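Novice: Fold the following.
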Amino acid sequence: MKPIRFALGLGLALATAPALAQQVPVTASSPDGTVSVTVSIDGDGRAAYAVTRKGKPIIAPSRLGFLFTDEAKIERRLTITGQEVRDFDETWTQPWGEWASIRNRYREFKVHLKETTALARVFTVTFRLYEDGVGFRYEFPQQPNMAKTNVADELTEFAFAQDGTAWWKPAYLWNREEYLYNKTGLSSVSTAATPITIKLTDGTHVALHEAALVDFSGMNVTRTEGTTLRANLTPGAGGPKVQKSGAWNTPWRTLIIADNAPGIYHSHLMLNLNEPNKLGDMSWFKPGKFAGVWWNMIKGEWSWARGPKHGATNANVKAYIDFAAANGIPNVLVEGWNVGWDGDWFGNGWAMDFTKPTEDFDIAMLSAYGKKKGVRLVGHHETGGAVTHYDNQLDRSFAFAANYGMMVVKTGYVTDAAQLERVDPDGTKHREWLEGQWMTNHFVRVAETAAKYKIAFDSHEPVKGTGLHRTYPNWVAREGMRGMEYNAWIGGKNPPEHEANLVFTRMLEGPMDFTPGVLSLKGSENSDILSTIAKQLALYVVIYSPVQMVADTPENYAKFPKELKFIRDVPTDWQETRVLNGEIGDYVTIARKERGGEGWYVGAVGDENAQTVSFNLDFLTPGKRYKAEIYRDGDDADYRTDKRHSIAIESKVLTSADSLTMRIAPGGGFAIRLVPAK
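Specialist: Below you'll find the model as predicted:
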């Protein structure tokens, strides 16, 4: 289906007027009038924007501008030289996703500005106003005084008109994006990675992030005073944080605004601000689950390196292929299959070669064995932070993967923040930040190279998601947060509220490879995971990815055949998604309709407290009867006791006129499969 596009009301730039008249604020609103933006110039010639929703201030007048390393900043002595307004409306389809089709309706508001100084630099701030928020970016045309631009930082402010509660994780710490979310007052935020989600005093929810991060440095935010946050661009290896030549744009700075937490999740603003699919036909990619030679390594029982504990052996991989085939799982991930893992590879991946298997991993035999059983291998490309080394072998690595029938590759960049190694053509070495400009360009190179061989990839230790999976739909998932692996380790396990936080924070970036489904609820040294077994099932609905892992071992799944049935049944591709209820960090209930079928799946997770949630089933087709297979916490289930495996599995017939009231145990959840009754 081709997108349906139409544009309305194209306005022309205002005629040049006397300077004094041009200082009058200019305003535009979203097509439905819900969200408005005003751009003004103060007495010093400083430009500011403000955002209101339903007539109430959300962002008070907030400064715009840039610092440069070799030129005067752009901040004062600006004048508005014109504006343009146009409306746009389209419906486009996703090759995979949480929604099959998405409406993209906005009013675009371009404000043209010029310095009154001798440099006379010009730029445009383009706003796109939606009923659920606004995105804006700077656009610099090619001009004599900006032939080459060296950006020291961006001066964009977000001056929130109210205080509120903020959920945020710190930026610039050693462990990249993998920190738990802080819950503090907005006026107590320090320097935060985005997205940062805020519940304002009046209850309005706002998520601050960015979209279409391409050839630029990622944006963090630093609180300056009161409730004002300011953009803080990720450093590069050199002096400037961003280097540009000729005409250039920033990514979109985004504000999703809603009445409540579910409204934040329902927004399509992030995807809509990205360019359409550049890869063309994606029918070769099939969403699905994968098992993996992985959890035993995470627990320390097997090793990535060669030796007596090596996990990626022919015998082990064949056993996982057999398990996958028996349970309708189309893929098997193998980590540690290639040379380079021996010795100290952390932050030093120069020995990694993704075309050379170890001597106990016969890739030709294993890929052929899997093919006979309808199972593909998923290769793992761990760079150990040696990014230039990976760049140098990208083409042959993906060619090798394609030759052995792989549809998905998992990539990794395990090293401390600011320690990714870049080597220039002259041999000069640099250390880069994960979300610096050079690395954002690297990930696009990976996407384009993988696409050439019809391979999708799932990036771990990635640059944050900014909706680029619309433009590069082979970028099917990423990590970018604390996943299930933290539950394997003795110290620092994820707390019960973690997933209810993720839905309204990290999941706004896009699909996450959380690796759910550890039904044993055991990590290393037999340590307990802070979850009930029903919650592990619920995660397949709550945490979205088109490539969901079945993370536990075949031996452990054999102990839970009834629960494994839900994992076998649940799809990974959806026609429609609805967040039925939820509060950040407390609980969430999500319903999803399978793509290409009539079944619905419901998942809910809570926090450390027992609670009860109620919801209507009005998303079901009226007049149809549905068989509901319910997997809920047992009456005595509790993540703190030996009853964490207590589960009740029930069946009943329901219709769209029904409602359900469900108990969630401490650390618990529930999962429901609804299929038309025969």
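Novice: As a check, name the ranges of all helices in the stretch 151-300 of the chain.
Specialist: Using DSSP state H, counting those that start in this stretch, the helices assigned to the stretch 151-300 of the chain run over residues 261-265, 269-272, 295-298.
Novice: Out of those helices, which gets nearest to residue 642?
Specialist: For residue 642, the closest of these is helix 295-298, at 21.7 Å, according to C-beta to C-beta. For glycine as for every other residue, the C-beta is placed from the backbone atoms N, C-alpha and C.
Novice: Give the buried residues for stretch 238-251.
Specialist: Across stretch 238-251, burial judged by 16 or more other C-beta atoms under 10 Å covers 240-244, 248-251.
Novice: quick one, domains of the chain?
Specialist: Domain assignment for the chain by automatic domain parsing gives 4-272, 277-445.
Novice: Only C-alpha atoms, please: export the helix or strand encompassing residue 446 in CSV.
Specialist: Assigned by DSSP states H and E, residue 446 belongs to helix 437-452. Below are the C-alpha coordinates for helix 437-452, written out as CSV (Å, rounded to 0.1, in the frame of the first residue of the first chain):
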residue,chain,number,x,y,z
GLN,A,437,28.9,12.2,15.7
TRP,A,438,31.4,9.7,14.5
MET,A,439,29.5,6.8,16.1
THR,A,440,26.1,7.9,14.9
ASN,A,441,27.5,7.7,11.4
HIS,A,442,29.0,4.3,12.1
PHE,A,443,25.6,2.8,12.9
VAL,A,444,24.2,4.1,9.7
ARG,A,445,27.1,2.4,7.8
VAL,A,446,26.2,-0.8,9.6
ALA,A,447,22.6,-0.5,8.6
GLU,A,448,23.4,0.2,5.0
THR,A,449,26.0,-2.6,4.7
ALA,A,450,23.7,-5.2,6.4
ALA,A,451,20.8,-4.2,4.1
LYS,A,452,23.0,-4.9,1.1
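Novice: Show the subsequent helix or strand relative to that helix.
Specialist: Following helix 437-452 in sequence, per DSSP H and E, is strand 456-459.
Novice: For that following strand, name the packing helices and strands.
Specialist: strand 408-412, helix 437-452, strand 475-478 (3 or more C-beta pairs under 8 Å, 6 or more residues apart in numbering; DSSP states H and E).
Novice: and of the ones you listed, who's closest to residue 612?
Specialist: Comparing these by C-beta to C-beta, strand 475-478 comes nearest, at 32.5 Å.
Novice: Now the closest one: average pLDDT?
Specialist: For strand 475-478, mean pLDDT is 98.
Novice: Give me the contacts around the helix or strand just after that strand.
Specialist: Per DSSP H and E, strand 475-478 leads on to helix 498-502 as the next helix or strand towards the C-terminus. Residues from elsewhere that reach helix 498-502 (C-beta atoms under 8 Å, 6 or more residues apart in numbering): 167, 180-181, 481-482, 512, 514, 535, 539, 542-543, 582-588, 605-607.
Novice: who's in contact with the closest residue to residue 348 other than its chain neighbours?
Specialist: Of all residues not flanking residue 348 in the chain, residue 384 sits nearest, at 5.6 Å (C-beta to C-beta, 6 or more residues apart in numbering). By C-beta under 8 Å, 6+ apart, the contact list for residue 384 reads 340, 345-350, 352, 414-415.
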